[in-house]
Structures are given as structure tokens and as C-alpha cells.
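1. here's a sequence, model it:
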Amino acid sequence: MVNETVVDLSRLQFAATALYHFLFVPLTLGLSILIAVMETVYVTTGREVYRRMTQFWAKLFMINFALGVATGLTMEFQFGTNWSFYSSFVGDAFGTLLAVEGLMAFFMESTFIGLMVLGWDRMSKGKHLVVTYLVALGSNLSALWILVANSFMQSPLGAEFNPITMRMELSNFSAMFFNPDAQAKFVHTVLAGYVTAAVFVCGVSAFYMLRNRHMDIARRSFRIAALFGVLGTAGVLTLGDALGLIGGHAQPTKLAAMEALWKEEKAPMPFNAIAFPSQEEQRNIGEVQIPALLSILVTHSLDGTVPAIDQLEEQAKVRIRNGMPAVEAMKTLSENPLDTAALAQFEAHKADIGYGLLVQRYAPEGDLSLITEEDIAKAANDTIPEVWVIFWSFRIMVALGLLMLAYFVGALVLTLSNKVQNNRWFLRCSIWMIPVPFIACEMGWIVAEVGRQPWTVYEMLPTWLSASTHSVTYMVVSLAGFLLFYTIFALIEMYLMIRSIRKGPDDEPTTPATQTTAATAS
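-> Sure, this is the predicted structure:
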């Protein structure tokens with residue numbers, strides 16, 4: 001029997017690893033593009049200040065990239081060490097995507113980063129610019145394949161379950177790659193990375209302007225990042241709406257949790273702006289609603305509705321009862337693959353195989369014939385993720401997104417009017433804004449991943465069945481080790497970043513006349 005403590009600790013360890021890793025990823029994605037834009041300006045204008053800008057931000061990019069790679073490698077190893085049954089279950093499909101990511105994106109990115117850093121005096125301007133764009137392309141391709149793999153877990157298209165081998169086998173690579181969830185999530189996540197980098201560049205540039213240092217680079221960097229940020233934030237919010245529509249159809253339980261929608265509502269449905277969900281009581285303890293807004297946001301109409309948690313639980317009970325015969329047939333086929341009656345039984349019920357596996361958690365010694373209606377009700381209740389976590393993570397993410405949009409509009413107005421360097425209040429706010437996109441990205445990850453529970457592969461493989469059979473002691477020790485390991489990495493990142501920022505760009509003239517001229521440059 002599966003040890004639920006081991007499963008919980010495995011989830012916690014992977015969540016901690018992913019959250020730490022995702023601190024580095026968005027900045028890498030965004031800085032790679034911003035650096036390419038800055039170098040493009042240098043190549044087209046020939047102005048030395050843009051070369052120094054490119055080299056300075058590239059130095060910070062390298063620090064972030066190196067630590068991102070270190071955290072990402074150990075995360076991938078966890079699939080084999082802590083989630084062995086999951087790895088076996090989806091290896092044919094999921095493993096293909098990770099292999100493509102490694103061969104096409106990771107190696108490409110790493111190779112061209114070396115050329116970008118060391119090739120300034122060894123290549124022509126045009127060739128070096130091409131290399132810089134290839135680094136940016138590699139970073140974004142890496143994100144593409146990882147997000148396609150993640151979307152397969154959220155909406156498993158392009159693979160068929162084989163009841164004899166107990167594996168999902170790749171059947172349509174095109175369907176997997178062009179998964180609507182994958183395409184929307186890729187653009188949304190990449191744009192979030194661009195916004196993260198834009199806030200970071202604006203904040204660091206504001207730091208220099210407050211101290212009247214490196215003004216030529218600071219003002220130009222701030223202007224490019226502000227424009228980048230306005231466009232990126234608008235795109236994030238727009239694609240977030242599209243992703244919500246796609247996700248709402250693919251994962252109605254996640255959508256219901258995001259809106260704390262416990263009971264069936266008639267159209268037009270109100271939107272819970274503020275609520276305090278109680279999972280145990282299945283109701284909101286206090287809420288502030290905006291009439292009709294949920295129907296408008298989710299269905300883009302006044303007469304549209306979405307299923308509530310009580311409806312989804314009833315649907316889950318039906319699917320659990322239908323999935324149980326598929327699990328029984330699968331057991332027979334594992335002993336006798338030629339049993340035609342068992343194969344026919346499986347084919348008749350295979351659409352709900354995941355729900356049959358979900359309720360098996362409550363079966364004494366795995367015997368589904370002993371399952372009661374109470375057990376079915378428990379399993380149906382398990383299909384609803386932690387509502388308060390999803391509800392508030394989603395609202396924090398959206399609120400921070402709107403805050404960043406307002407910030408970038410103000411930043412763009414000030415920098416285009418050449419007033420930003422004199423607005424010390426706004427410059428201080430810019431520095432305090434640096435953590436905001438990182439928090440928003442982490443909240444988005446929580447919505448996506450915690451909202452998928454109780455599945456590792458949505459409606460196919462339950463989380464309780466996916467973990468390796470480690471001891472509790474092993475998991476506690478390894479979890480503590482990972483937390484220590486990644487905390488050290490985060491501290492190293494902060495130390496190296498702060499040290500490089502304090503030092504500033506290299507080879508800047510420091511005469512008063514030069515600083516005065518730079519301060520008035522556009």
C-alpha cells in the first residue's frame with residue numbers, strides 16, 4: 001500500500017525545487033531578448049554606449065543562467081528518483097519532449113552563450129548579433145518544449161494508454177505539440193519572462209539614476225525596458241484570458257477552484273472578488289461579489305455558465321463507477337493479454353480509467369469489489385484541489401499583473417518626456433517593484449500545478465499512484481538537503497547580482513563633464 005506521507009513529501013520536494021528553479025527562468029527568458037534588442041541598436045547605430053549596455057546586462061544574464069541550469073538539472077532527475085511510476089507511465093511521450101528540449105534548445109543555448117560572451121573581439125558585429133539572437137532563440141525554445149511537456153500533463157493529447165504495458169504511448173506528435181494549452185501557455189509564460197526582465201532592468205537603472213551613476217546607460221536601458229514592459233504586460237493579461245478559457249474547458253475543477261464556485265449558479269454568474277473558502281464546509285465564509293462578471297470573463301457572454309464544484313463532484317462519481325471496470329479489466333490483461341473479453345471491457349470503459357485508479361486508493365488491498373458509495377464520495381471529493389490556495393494565488397497574480405501594467409504606463413510616460421531621472425519617488429518605487437513579477441510568476445505556477453491535483457496526468461494518472469516507494473526518513477532528509485541546497489543557490493544569485501550591480505558597467509568615463517553630457521542624452 002502506498003505511504004501517503006511519502007507522496008506528500010515527494011510533492012513538497014518537487015514543488016520546492018520547481019519554485020526555486022522558476023525564480024531564474026523568467027529573467028533568463030526576458031533578458032535574452034532585451035540583450036538582443038540592445039545589441040541590435042548598437043549594430044545599427046554604431047554608438048559605443050549600446051555595446052556597454054549589452055555587455056553589462058549580458059553579465060547579469062550569465063549569472064542568472066548558470067544558477068538556473070543548476071536548479072533545472074536536479075529537477076529533471078527527480079522524475080526518476082521520486083516519481084518512478086509516473087516516469088514509467090508517461091516515459092514514451094513525456095521523455096520524448098524532454099529529450100528534444102535537451103538536444104535542440106539546451107545544448108544550442110549553452111553553445112552560443114559561450115560565443116556571445118567570448119566572441120566580442122573575435123567576430124564581426126553582424127555575426128555576434130546573430131549569435132546573441134540564437135541565445136535568445138535557444139532560451140525560448142527550451143521554454144517551449146518544457147511547456148509542451150507540462151501541457152501534456154495538464155491535457156494529455158497525442159498519446160494512447162496501453163492497458164497491457166501500463167504506459168501512455170506516443171501516437172500523434174503533432175497533436176501533442178499543437179496542444180491548445182501548450183501554445184497559449186508558452187506565449188503567456190514567455191511574455192511573463194519579458195515582463196520580469198523589464199521590471200528588473202527598470203529597477204536596476206533606477207538604482208543608478210538615484211545615485212547619478214552610469215546615467216547614459218541607465219536612462220537608455222530604462223526607456224527600452226519600459227516600452228518592452230508595456231507591450232509584454234498587455235500581452236500577458238490578454239493571453240492569460242485566453243489561457244483561462246482553454247483551461248476552463250480542459251480542467252473545469254481548476255476553474256471552479258479559481259472562482260471558489262461551490263454551488264450551481266444561474267446566468268449571469270457573479271464574480272467573487274474576495275472570498276474566504278472553506279474546503280471542509282464547501283462554502284465561502286464571507287464574500288464580496290461583482291454581479292454578472294464571471295459569465296462575462298469566462299464565457300464572454302451574459303448567459304454563459306460554468307459548472308460548480310457540487311456539479312463536478314456528481315460528474316466524478318459517475319466517472320468513478322464507469323472507470324472501475326476498466327481497472328479490473330486491466331488487471332486481467334496484465335495476466336492474460338489475449339483475454340478478448342477483458343480487452344472489450346477495457347475498451348468500453350477506458351475513457352474513465354483514471355477515475356478508477358483514483359478510487360483504488362480507498363480499496364482494501366486494491367480490491368475494487370470492496371469499494372463502497374462512501375469511498376466513491378471520498379474519491380469524488382478528492383478531484384477538487386485546495387480551493388483557497390488556487391483562489392488567492394490567482395487573485396494575487398492578476399492584481400500584480402495590473403499593478404505592473406500601471407507601473408509601465410507611468411514609466412513609459414516619464415521616460416519619453418525625459419522626466420524619469422528627476423522623479424525620485426518613482427525611481428524608488430521602481431526598485432521596490434523588482435520582486436513583484438517574480439511573485440506573480442510563482443503564483444501562476446501554483447495555480448497551474450496545484451490546480452491540477454489530484455492528478456499528475458490529468459484524468460489519467462492520480463498523484464497518489466505516481467510516487468516512488470521511498471521511506472519517510474529518506475524523503476525528510478532529501479527534502480531538507482534540497483531546501484538547503486537551493487537556498488544557498490538563491491543566496492549566491494543575490495550576492496553575485498548585487499555585487500555586479502554595485503560595480504556597474506565597465507569602462508565608463510567618470511569626468512564631471514562626461515556625466516553632465518550623459519545626463520542630458522536621450
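2. quick one: the helices in the stretch 401-522 of the chain, in order.
-> 424-432, 435-450, 472-503, 512-519 (DSSP state H, counting those that start in this stretch).
3. nope, the stretch 101-250 of the chain is what I was after
-> 107-118, 125-154, 173-177, 180-210, 215-250.
4. the stretch 251-400 of the chain now?
-> Along the stretch 251-400 of the chain, counting by DSSP H, counting those that start in this stretch, helices occupy 252-258, 293-299, 309-335, 340-349, 353-359, 373-382, 387-416.
5. tell me which other helices or strands the last one touches.
-> Here helix 387-416 touches helix 180-210, helix 215-250, helix 252-258, strand 271-278, helix 424-432, helix 435-450, going by 3 or more CB pairs under 8 Å, 6 or more residues apart in numbering; DSSP states H and E. C-betas here are computed from N, CA, C, even on glycine.
6. where does pLDDT dip in the protein?
-> Residue ranges of the chain with pLDDT under 70: 1-2, 104-106, 242-248, 507-522.
7. which residue is nearest the middle of the protein?
-> W445 (4.3 Å; CA atoms, centre = their mean).
8. surely that residue and Y20 touch.
-> No - using CB atoms under 8 Å, W445 is not in contact with Y20; the gap is 11.1 Å.
9. and the residue nearest to G229 when sequence neighbours are not counted, how many residues sit next to it?
-> Leaving aside its chain neighbours, G229 sits nearest to A198 (3.4 Å; criterion: CB to CB, 6 or more residues apart in numbering). Residues lying near A198 (other CB atoms under 10 Å) number 30.
10. surely A198 and R223 touch.
-> No - with contact defined as CB under 8 Å, A198 does not count as touching R223 (11.1 Å).
11. name the residues contacting each of those two.
-> Residues touching both A198 and R223 by CB atoms under 8 Å, 6 or more residues apart in numbering: none at all.
12. how close does the nearest residue to N140 once chain neighbours are set aside sit to E287?
-> Spatial nearest neighbour of N140, excluding adjacent residues (CB to CB, 6+ apart): V190 at 5.9 Å. Using CB to CB, to the nearest Å, we find V190 at a distance of 34 Å from E287.
13. who has more neighbours, the two?
-> Using other CB under 10 Å as the criterion, V190 and E287 rank with V190 on top: 23 against 14.
14. mind listing what's buried along stretch 113-122?
-> I113, L115, M116 (16 or more other CB atoms under 10 Å).
15. for N418, state which of those residues is nearest.
-> M116 (31.9 Å; CB to CB).
16. I figured the closest one hits L129, correct?
-> No - contact criterion CB under 8 Å: M116 and L129 do not qualify, at 9.8 Å.
17. just to revisit the earlier point, quickly name whichever of the buried residues of stretch 113-122 is closest to W57.
-> Nearest member of the buried residues of stretch 113-122 to W57, counting by CB to CB, is M116, at 11.7 Å.
18. now for the closest one: which residues touch it?
-> Contacts of M116 (CB under 8 Å, 6+ apart): A58, H128, V131, T132, V135.
19. which of those residues lies closest to E265?
-> Checking the contacts of M116 against E265 with CB to CB, the nearest one is V135 at 49.2 Å.
20. what's the burial count for the closest one?
-> V135, neighbours per other CB under 10 Å, totals 27.
21. got it, and T340?
-> T340: 8 neighbours (other CB under 10 Å).
22. list the contacts for it?
-> By CB under 8 Å, 6+ apart, T340 has no neighbours at all.
23. quick check: P268 vs V288, distance?
-> Using CB to CB, P268 is found at 17 Å from V288.
24. the domain parsing of the chain - what is it?
-> Listed by automatic domain parsing, the domain ranges of the chain are 4-251+390-504, 309-382.
25. need those in a markdown table (columns: distance to M258).
-> Formatted as a markdown table, those follow (distance: least, CB to CB, whole Å):
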| stretch | distance to M258 |
| --- | --- |
| domain 4-251+390-504 | 5 |
| domain 309-382 | 11 |
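26. looking at the ones you listed, which one is packed in the most?
-> Greatest average neighbour count among the domains of the chain goes to domain 4-251+390-504 (a mean of 19), per mean count of other CB atoms under 10 Å.
27. rewinding a little: nearest to L73, out of the helices of the stretch 251-400 of the chain?
-> With CB to CB as the measure, helix 387-416 is the member of these nearest L73 (26.9 Å).
28. centre of the chain to that closest one, how far?
-> In terms of CA atoms, centre = their mean, to the nearest Å, the centre of helix 387-416 is set 17 Å apart from its chain centre.
29. check stretch 118-133 too.
-> That offset, for stretch 118-133, works out to 32 Å (CA atoms, centre = their mean).
30. my read: L333 touches F346, true?
-> Yes - L333 lies in contact with F346 (CB under 8 Å); the separation is 6.6 Å.
31. overlap of the contact sets of those two?
-> In contact with both L333 and F346: P163, using CB under 8 Å, 6+ apart.
32. okay, the buried residues of stretch 113-122 in a markdown table with distance to G158 next?
-> As requested, the buried residues of stretch 113-122 are exported to a markdown table (distance: CB to CB, whole Å):
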| residue | distance to G158 |
| --- | --- |
| I113 | 31 |
| L115 | 35 |
| M116 | 35 |
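33. out of those residues, the closest to E373 would be?
-> Taking CB to CB as the measure, E373 lies nearest I113 of the buried residues of stretch 113-122, at 58.7 Å.
34. right, and the closest one touches M62 too?
-> Yes - counting by CB under 8 Å, I113 does reach M62; the two are 7.2 Å apart.
35. what's the end-to-end length of stretch 170-190?
-> Using CA to CA, to the nearest Å, the end-to-end distance of stretch 170-190 comes out at 26 Å.
36. hmm, who's touching it?
-> The list of residues contacting stretch 170-190 from outside it, by CB under 8 Å, 6+ apart, reads 26, 29, 92-93, 96-97, 140, 143-144, 147-148, 150-152, 154-155, 157-160, 235-236, 239-240, 242-243, 246-247, 250, 444, 448.
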